[in-house]
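Trainee: coords below, sequence missing:
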């Protein structure tokens, strides 16, 4: 059995529930997904930085955000070292899940269908991030 990774931010399940509230806890800690086209950052294009909704670590710069029409905020790249990539075989498919590298919270998935030179599209739940216009 692989030991569970130790993240910089460690909290009990009860502490996460109390801090995050029901919806954010479901997305960030239980790997849930908000409904498409409902998140507050889906069509949000201000200048600034997107942070982890659980631990406030910087994850994405606004200049990497683009309109993908998929229903969730999409980014062409993450801040270097900010996300962890994990194979996800749930729901009968293989995808790459992205987690906050600081606390292990679920952010969304990364796909290879982006309109950028890297072809990457980081598909992120609005409920998993906060925005700061620095």
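Mentor: Yep, that arrived. This one's a predicted model, so the numbers in the text were calculated from it and none came from an experiment.

Trainee: Check whether residue 19 sits in a helix, strand or coil.
Mentor: helix (DSSP: H, G, I helix; E, B strand; the rest coil).

Trainee: and it, how many residues sit next to it?
Mentor: Here the count is done by other Cβ atoms under 10 Å, and residue 19 has 15 residues near it. To be clear about C-beta, it is placed using only N, CA and C from the backbone, and glycine gets the same treatment.

Trainee: Quick check: it touching residue 13?
Mentor: No. Between residue 19 and residue 13 there is no contact under Cβ atoms under 8 Å: 10.9 Å.

Trainee: Now residue 88: phi and psi?
Mentor: Backbone geometry at residue 88, expressed as degrees, to the nearest 10, gives phi -120, psi 110.

Trainee: so which strand or helix has the closest residue to it other than its chain neighbours?
Mentor: Spatial nearest neighbour of residue 88, excluding adjacent residues (Cβ to Cβ, 6 or more residues apart in numbering): residue 97 at 4.0 Å. Remark: residue 97 resides in strand 95-100, with elements defined by DSSP states H and E.
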